[in-house]
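Visitor: Sequence below, structure please.
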Amino acid sequence: MEGKYAAMFWLVWIIVSLLAWWGIDQWIDSNTGFGSWWASLIMSLVGAWLGDTLLGSLFFVLGGFNVIGGLAGGVLFTWLWNKAKAKV
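Guide: Numbering: from 1, shown residues only. Okay, the predicted model is just below:
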């Protein structure tokens, strides 16, 4: 990646992660347990990155970032994190 495409990748990655985190936060009360909403947000970032990495250029790609894969990964990881927190 170079120049504006790298900046676009980071911007899309952060926006998709925030959308995934916000959606799960609205669905599940996730601000309790080990870690706070910061931990949940970090899991959303990790999940979005992993979803993009695993699905590559399959589906909808914007700025070099797989939006569908990132959204799915962010939602999945955040949901799993919140479920793990609920068990503790």
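Visitor: quick one, phi psi at the residue minimising distance to the centre of the chain?
Guide: Nearest residue to the geometric centre of the chain (C-alpha atoms, centre = their mean): G74, 2.8 Å. Note on G74: its backbone torsions stand at phi -60, psi -40 [degrees, to the nearest 10].
Visitor: So it is in contact with I42, correct?
Guide: No - applying C-beta atoms under 8 Å, one finds G74 not in contact with I42, separated by 10.9 Å. (C-beta placed from N, C-alpha, C; glycine too.)
Visitor: What backbone torsions are found at the closest residue to L54 other than its chain neighbours?
Guide: Nearest non-adjacent residue to L54, counting by C-beta to C-beta, 6 or more residues apart in numbering: G69, 6.5 Å away. Main-chain torsions, G69, degrees, to the nearest 10: phi -60, psi -40.
Visitor: N82 contacts G23, correct?
Guide: No - the pair N82 / G23 is not scored as a contact, 11.7 Å apart, by C-beta under 8 Å.
Visitor: so where's the protein shaky on pLDDT?
Guide: Low-confidence segments of the chain (pLDDT under 70): 1-4, 29-35, 86-88.
Visitor: Perfect, that will be all.
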